[in-house]
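Enquirer: sequence? don't have it. structure:
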C-alpha cells in the first residue's frame, strides 16, 4: 500500500521549539506600553514606531499658498496685466 504524503508530513516535531510560541514584545517609544515587536503602529497611542513607517507628512499650508501665488503672478506676467 502506498503511503500518501500530505500536510501532516510537512510538520516535523523537531523543528518546533517553545521559544517560537512566545510573542516578542517591546516598549512603545511614545507611551511605553508593551507592544508586539513587529508592529508598525502602537495599538494604544496609535503613533508610528519609527519615522520610516510613518506616511509622508503634508506640506505646511503657507508653502502651498506661496507656490500658488507665485504661479498666479507668473501667469499674469506672461498673459499681461
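Expert: Happy to help now that I have it. Remember, predicted model here, so these are calculated numbers, not experimental data.
Enquirer: By average pLDDT, which secondary structure element in the chain comes out worst?
Expert: helix 18-21 (a mean of 48; mean pLDDT, DSSP states H and E).
Enquirer: Find the nearest non-adjacent residue to residue 40, please.
Expert: residue 53 (4.3 Å; CB to CB, 6 or more residues apart in numbering). C-beta here means a position set from N, CA and C on the backbone, and glycine is covered the same way.
Enquirer: Strands of the protein, start to end?
Expert: Remark: strands assigned in the chain by DSSP state E are 25-27, 34-36.
Enquirer: Any idea which of the ones you listed gets closest to residue 75?
Expert: Distance to residue 75, taken as CB to CB, is lowest for strand 34-36 among the strands of the chain, at 50.6 Å.
Enquirer: Which pLDDT does the model give residue 80?
Expert: Residue 80 carries a pLDDT value of 81.
Enquirer: gap between it and residue 71?
Expert: Distance of residue 80 to residue 71, computed by CB to CB, to the nearest Å: 16 Å.
Enquirer: neighbour-wise, which of those two wins?
Expert: Using other CB atoms under 10 Å as the criterion, residue 80 and residue 71 rank with residue 71 on top: 10 against 5.
Enquirer: Okay, that one and residue 63: tell me how far apart.
Expert: 13 Å.
Enquirer: Overlap of the contact sets of those two?
Expert: The overlap between the contact sets of residue 71 and residue 63 (CB atoms under 8 Å, 6 or more residues apart in numbering) is empty.
Enquirer: For the chain, give me the ranges with low pLDDT.
Expert: 1-22, 81 (pLDDT under 70).
Enquirer: Please consider this matter closed, and thank you.
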